[in-house]
Every structure is written in structure tokens, then in C-alpha cells.
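> Let me see the structure of the following:
(chains A and B)
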2 protein chains.
Amino acid sequence: MSTDQPNPRVRPVHPVDADVVDVPADVPTPVPDPDTDTAGDSATEPDHDPAEVRIAFLLFPDLTQLDLTGPAQVLSRVPGARVEYVAATLDPVPTDCGFALVPTTTIADAGPADVLVVPGGDGAFDAMLDPEVIGFVRREAERATWVTSVCTGAFVLGAAGLLAGKRATTHWASKPMLEAFGAQPVDDRIVDDGAVVTAAGVSAGIDMALWLAAELAGQPAAEAIQLQIEYDPQPPFDAGSAVRADAVVVARARAAAEAARGDRVTRAAAAVLL
Amino acid sequence: MSTDQPNPRVRPVHPVDADVVDVPADVPTPVPDPDTDTAGDSATEPDHDPAEVRIAFLLFPDLTQLDLTGPAQVLSRVPGARVEYVAATLDPVPTDCGFALVPTTTIADAGPADVLVVPGGDGAFDAMLDPEVIGFVRREAERATWVTSVCTGAFVLGAAGLLAGKRATTHWASKPMLEAFGAQPVDDRIVDDGAVVTAAGVSAGIDMALWLAAELAGQPAAEAIQLQIEYDPQPPFDAGSAVRADAVVVARARAAAEAARGDRVTRAAAAVLL
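Residues are numbered from 1 along each chain as shown, chains lettered A, B, ... in the order given. Below is the predicted model:
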């Protein structure tokens, strides 16, 4: 995890009225300190309980489901969590594992969230080129406290212009391609660069979500969730790190990812720069 | 992981014709070695490609979704995997995290599987008392090579009579209640007692699935999956083990689990013994 950029937020989850905050459309905004600047929130956003933590998960076809379901298992247990699963329509969304997930709301109907979680998977490279998805991510980023991605969900953030000049991570096989969006690829499992938090491949979302749970609700709450899900990992093999994996295997996978997805990344990056 | 009972199976996945194997209904059956006893399989089970690994995940309302989605992310990538998600009907099944999962087949229509995975969650304690679910688990256990559970899915196996005299594990807060089914509760994260494999709480299903992937397809295949899902866990806190957790917290959670679920366990256990 990156720790060289201390997080300026004392208490990151609180009501924010996006209408009264003037921000550029392509970058997330650190929000004001709730202890000194909450006046008027209840008047401008009467439906939002300040004790609630509004968490939105983006769904798109052919997502890698553990990118989403791992963090969902953690974040839905954060005290005050109100969780939504947001897709283009309410139709079930097929995942990479042969089952579909049912959204709870649509991009058109989704309200503002405090936390946005964008999963990855092959489908992320199509979502990256979908104006409706990118518009949603930009809109949420304007008012969310945290914009997060797991695995190649980072490319959706990149296509929304959120990674320009940021340190970021993604699935190891796709990491060099992040540079197309002006990001600085980092080998950490969780990279926290201001309001934008990116996690490495798939299972890294669980680690990221526990870290974020502590930011949202304090370390004791995060530790209680960790105990509830008995997250004391004991992988039977030491094979999960690309840093320690066979260099030929890693190079081959990176070349394959570049061949399969590089054109879409180039097109999405060109759109961001326009 | 328990290793004191070496697994007698040389190659556990292969076609089995349940009709020609006489087994009691309440225990899983080690199947014959495919290298010496495959004659007639193609005639009696023509639809089954021997290279396929048929994996069935049981779905029921209010499951803890990571119990299922973690192993699904691993096992669906096993070479030859043909994965089904089996529920009472094809209606979406609500999970504990606010989204629903869409089954791919029903209990009535599900064919035989080589591997059965039973997740846990509060809903497991109702599934445990559902004759249709228990009948399905018993039927699959008669012909599956592996019958597995994650978290409190172990109670569904117990209610099907599969844990009598077996070493087993489950979510730490519910572990003492396993004794109601004649099981010997064990503190390991993965417990392999013959054909019945039980995993500890929630996230332990990922470790179990990687171990099982190696049994099904060899360690190199399992390691490749582990690298694909970048499973190099780095929990931000050391809070996931009940063995190391605060004793008062653990005792209180066990008492709460007993109060909330003990009556259903007692009733299910009485039904098994009849």
C-alpha cells in the first residue's frame, strides 16, 4: 500500500451537495471537512441521512465478478452502508463466471454516492468506450469522496480522465497500458492517490475494501468485518504475485493483454485527450 | 489444512455412473479409479465429456455471497470446468449483500456433478431444513467426487448426514454446533476428510478452491489461476482469525450464533438421526 501521500481527510464520508461545489468534470474532488462545513446540507439534500455511507458498485457485462463481490462482502457491512449496484438497465448482468448479477438501480436513476467501486474484467475494456458509463463515472466522481477500482476497472477510471497524473495500479498483465491515460503505474496492491484508490488484480479488491472500511468507519469496524469474513488468508501456494512469478510467463501475459486490448485502450485514451 | 489423511484418489475427476454404484444415500462415495475402471461409462453416460469437470454451486436465499463467488472465480477457471448454479427455481436468488444471483439450472433439472460447492450464510440454516435442498445434496453426494462447503454451508452437509464421524470446519462462530451432526470440529482453514471438504468462514472458500483446483487439475493449473486472480493477499490488519481474536469477542459471537440458530440446528440434527 502506498503511504507516502497522507490522506488529508479527517472523516471522509459525509453529505455533499454537488450542486454547490464547482469542480471540473474529469477529476474527483476532495470534499470539505464535515466538522467545519456541514451547514445547509440537510436543507439541500433532505433525503440523505448523514450517518449513511452511500456505496455504488458499477456493473457491466463480462465483469470479473470477484472484483465486485469481494469488496461488496466487506463494504456492505460498514456501519451505515447503503449499497447500490448500478447498471445501464435493470436486466441481469452476465459475469465471467457463468452467472448473472441483478442490478438494484440504473445509471439514469442512481443518486450520488460517497464511494464508487468500479470492477474490471474483459468487459471493462468495452465499458471504457461506452459514453453512458464514462458519463456516469465522471458524474459520480464529481461528488464522491472515494472513487475506487479493482483490477482492470482502473481503465474505466482512466477513460473518465481520473488517472491523469495519478499513481495507480491494476491487474499486473495490463499495468503498462495505464500510461496511455497519463497514469504512473505502481506495483503496490492498493494505491491511494487522493480520492482515487486503485487495487491490483481481482482478489486485491478485498484488501482494498478492508483498508477503505477503516477509512470510512475506523479500524475497529474494519477489523470486526475482517473477523466476520474470517479473512486470515492461507493460500495453499505462493503463486499470486506477478513480481515473484516467472518472468517469461509475465511477459507473455502482458503481450497477450496488449494484443487483445491495446487498440481499445488507445481509442479510449484518445477520447480523453480531446 | 489437514494433511494427516492422505487422499486416496489418484485423479478425482472422471465420469461416474451412479446407477451402477451401490451406495448408501447419506454418505459420499469414493469413486473407482478411471485408469482401471472406465469401461461402459461412455455407453451409460454418453452426454458427458470425460475431460469436463462438472461443478455445481448450490444457491439459496440469503446466502453469504462471497462463500460462493470466491470459489466460483477459482473453479470456473479450472481446465474443462463446466459450471452450474443450482437453485430451487430459476428466479434470482437474493444474497446478503443486496444483490441477487441468477441460477443457471434448477434442483429438478441439475445433472450429476463431479464437485458440489455449498455456501453458507444465514440462509444455510433454513436450507438445512428444506427437504428439497437436502435431497439434492444427498443425491449429488452419491455420485460426486468432492462434496464441499464454505462457512456455514457445512450445516447443510451435516443435515444431509454427510458429516457423521467426519472432521469438519465452518465459520468460527458456529463451529461448536457442528457436533450436533456427529462431526468433529477442527480449527483448520480447510478440512479434507475423504470426499467431504469443508472450509472455514467466507473468505476461506478461496483458499479451499485453489487447493481443490490443484486436486482437480494439478498444482501448475491451480498456480496459474492464482496468478490470474493476483491472489497474493495482503490484509491491511491482522484481524481475521478467531484463534487470535479477543476471547470475549469470540465467546460473545458464539453465544449469539447459538441463540440465533441453535434451535434450527437441533431440529435438523434430529431429522438426520431419524
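> Now do the contacts for residue A:100.
A:92-94, B:101-102 (C-beta atoms under 8 Å, 6 or more residues apart in numbering or on different chains). Bear in mind the C-beta positions are built from the backbone N, C-alpha and C, glycine included.
> Repeat the analysis, applying 6 Å as the threshold.
Residue A:100 makes contacts with A:92-94, B:102, as judged by C-beta atoms under 6 Å, 6 or more residues apart in numbering or on different chains.
> Which of those fall in strands?
Assigned to strands by DSSP state E, the following of the contacts of residue A:100 qualify: A:93-94, B:102.
> quick one: which of these is nearest residue A:222?
Of all these, residue A:222 sits closest to residue A:93, with 28.1 Å by C-beta to C-beta.
> these two touch, right, that closest one and residue A:87?
Yes: assessed by C-beta atoms under 6 Å, residue A:93 is found in contact with residue A:87 at 5.3 Å.
> Need the residues touching each of the two.
residue A:59.
> out of the contacts of residue A:100, who has the most neighbours?
Within the contacts of residue A:100, most neighbours by other C-beta atoms under 10 Å in any protein chain shown means residue A:93, with 23 neighbours.
> interface residues of the stretch 151-274 of chain A facing chain B?
Residues of the stretch 151-274 of chain A that fall close to chain B, judged by C-beta under 6 Å from any C-beta of the partner chain: A:189, A:200-204, A:207, A:210-211, A:223, A:226-227, A:229-237, A:239-241, A:245.
> quick one: the strand or helix carrying residue A:116 near chain B?
Residue A:116 is part of strand A:115-118 when elements are defined by DSSP states H and E. No: contact check for strand A:115-118 against chain B, using C-beta under 6 Å from any C-beta: none in range, with a minimum separation of 12.0 Å.
> starting at the chain centroid, how far to that strand?
In terms of C-alpha atoms, centre = their mean, to the nearest Å, the centre of strand A:115-118 is set 4 Å apart from its chain centre.
> same check, this time on stretch A:263-274
Distance, centroid of stretch A:263-274 to centroid of chain: 20 Å (C-alpha atoms, centre = their mean).
> Kindly report the same for stretch A:138-145.
12 Å.
> what does stretch A:243-252 give?
Distance, centroid of stretch A:243-252 to centroid of chain: 26 Å (C-alpha atoms, centre = their mean).
> now do the same end-to-end measure for it.
End-to-end span of stretch A:243-252 (C-alpha to C-alpha, to the nearest Å): 14 Å.
> Contacts for that stretch, please.
So stretch A:243-252 is contacted by A:242, B:227 (C-beta under 6 Å, 6+ apart).
> Could you do stretch A:212-226 as well?
Residues outside stretch A:212-226 that contact it (C-beta under 6 Å, 6+ apart): A:12-13, A:53, A:74, A:77-79, A:210, B:237, B:239-240.
> Give the buried residues for it.
The neighbour-count check on stretch A:212-226 (16 or more other C-beta atoms under 10 Å in any protein chain shown) flags A:212-217, A:219, A:221-226 as buried.
> Can I get these in a markdown table including pLDDT, distance to residue A:261 and secondary structure?
Shown next, in a markdown table, are the buried residues of stretch A:212-226 (pLDDT from 0 to 100; distance: C-beta to C-beta, whole Å; DSSP: H, G, I helix; E, B strand; the rest coil):
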| residue | pLDDT | distance to residue A:261 | secondary structure |
| --- | --- | --- | --- |
| A:212 | 98 | 27 | helix |
| A:213 | 98 | 31 | helix |
| A:214 | 97 | 33 | helix |
| A:215 | 97 | 31 | helix |
| A:216 | 97 | 32 | helix |
| A:217 | 97 | 36 | helix |
| A:219 | 96 | 37 | helix |
| A:221 | 96 | 37 | helix |
| A:222 | 96 | 33 | helix |
| A:223 | 96 | 37 | helix |
| A:224 | 96 | 39 | helix |
| A:225 | 97 | 33 | helix |
| A:226 | 97 | 33 | helix |
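> tell me, how many neighbours does residue A:52 end up with?
Neighbours around residue A:52, by other C-beta under 10 Å: 16.
> measure it to residue A:83 for me?
Here residue A:52 is placed at a distance of 10 Å from residue A:83 (C-beta to C-beta, to the nearest Å).
> ok, back up a step: buried only: go through the residues of the stretch 151-274 of chain A next to chain B for me.
Buried among these (16+ other C-beta under 10 Å): A:189, A:200-204, A:207, A:210-211, A:223, A:226-227, A:229-237, A:239-241, A:245.
> Among those, which lie within strands?
Assigned to strands by DSSP E, none of those qualify.
> Pull up the gap between residue A:205 and residue B:89, please.
Distance from residue A:205 to residue B:89, by C-beta to C-beta: 31 Å.
> between these two, who's got more neighbours?
Legend: neighbour count by other C-beta under 10 Å for residue A:205 and residue B:89, higher for residue A:205 (33 against 10).
> count of residues packed around residue A:108?
Close neighbours of residue A:108, defined as other C-beta under 10 Å, add up to 10.
> State the three-state secondary structure for it.
Here residue A:108 is recorded as coil under DSSP: H, G, I helix; E, B strand; the rest coil.
> For it, give me the pLDDT.
Residue A:108 is assigned a pLDDT of 98 by the prediction.
> what about the helices in the stretch 101-250 of chain A?
A:124-127, A:131-143, A:154-159, A:204-217, A:219-228, A:247-273 (DSSP state H, counting those that start in this stretch).
> Format these as CSV; extra columns: distance to residue A:193.
CSV is the format used below for the helices of the stretch 101-250 of chain A (distance: least, C-beta to C-beta, whole Å):
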stretch, distance to residue A:193
helix A:124-127, 19
helix A:131-143, 13
helix A:154-159, 11
helix A:204-217, 13
helix A:219-228, 20
helix A:247-273, 17
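> Sweet, I'm off.
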